[in-house]
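Chemist: predicted structure and sequence below. I'll ask about it afterward.
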Amino acid sequence: MVDEKQQVIETVRRYLEPYQPADYRLNVIETGIRHTGDDWWEVVVQPDRDDIRSYDYYGRLAEAENDIEDHEHLKILLVPVLPG
């Protein structure tokens with residue numbers, strides 16, 4: 001599962017890239033990845049700043065989730081976590 005976990009990390013990073021804002025980064029937290037056992041992966045994503053608008057951040061994650069499901073047919077839930 002280590003290889004599969006690394007593949008999920010790389011996939012999420014690739015699909016987040018088009019949604020990266022100009023003034024902060026959305027980071028995949030590698031220790032925050034969990035396979036639920038029913039084909040779903042939960043992946044924690046955190047901005048590198050704590051003064052961002054949560055609705056903008058959540059919207060970017062939702063768009064990336066949709067792209068991953070549409071193009072990769074993977075069930076990935078991007079879990080938003082604010083720093084702090």
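Modeler: Received, thanks. Numbers count the residues shown, from 1 in each chain.

Chemist: what segments of the protein are helices?
Modeler: Under the criterion DSSP state H, the chain contains helices at 2-16, 54-72.

Chemist: ok now do the residue nearest to residue 44 when sequence neighbours are not counted, which residues does it touch?
Modeler: Once its chain neighbours are removed from consideration, residue 44 has its nearest residue in residue 32; the separation is 2.8 Å (CB to CB, 6 or more residues apart in numbering). Where C-beta positions appear, they are placed from N, C-alpha and C, glycine not excepted. Residue 32 makes contacts with 42-44, 79, 81, as judged by CB atoms under 8 Å, 6 or more residues apart in numbering.

Chemist: same check, this time on residue 28
Modeler: In this structure, residue 28 makes contact with 9, 12-13, 16, 43-45, judged by CB under 8 Å, 6+ apart.

Chemist: who does it form a beta bridge with?
Modeler: Residues in a beta bridge with residue 28, per DSSP bridges, are residue 45.

Chemist: same thing with residue 76?
Modeler: Once the bridges are assigned, which here means DSSP bridges, residue 76 pairs with residue 41.

Chemist: that one against residue 45, yeah?
Modeler: No - contact between residue 76 and residue 45 fails when scored by CB atoms under 8 Å: they sit 10.4 Å apart.

Chemist: what sits in contact with each of these two?
Modeler: Between them, residue 76 and residue 45 share the neighbouring residues residue 12, with contact defined by CB under 8 Å, 6+ apart.

Chemist: for stretch 37-49, output the C-alpha coordinates as PDB.
Modeler: Presented in PDB, the C-alpha positions along stretch 37-49 are these (Å, rounded to 0.1, in the frame of the first residue of the first chain):
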ATOM      1  CA  GLY A  37     -10.900   0.400   3.200                       C
ATOM      2  CA  ASP A  38     -13.900   1.000   1.000                       C
ATOM      3  CA  ASP A  39     -12.000   2.500  -2.000                       C
ATOM      4  CA  TRP A  40     -11.900   6.000  -0.500                       C
ATOM      5  CA  TRP A  41      -8.800   7.900   0.300                       C
ATOM      6  CA  GLU A  42      -8.800  10.900   2.700                       C
ATOM      7  CA  VAL A  43      -6.100  13.300   2.000                       C
ATOM      8  CA  VAL A  44      -5.400  16.300   4.300                       C
ATOM      9  CA  VAL A  45      -4.600  19.500   2.500                       C
ATOM     10  CA  GLN A  46      -3.400  22.700   4.300                       C
ATOM     11  CA  PRO A  47      -2.600  26.200   3.100                       C
ATOM     12  CA  ASP A  48       0.700  27.500   4.000                       C
ATOM     13  CA  ARG A  49      -0.900  30.600   5.500                       C
END
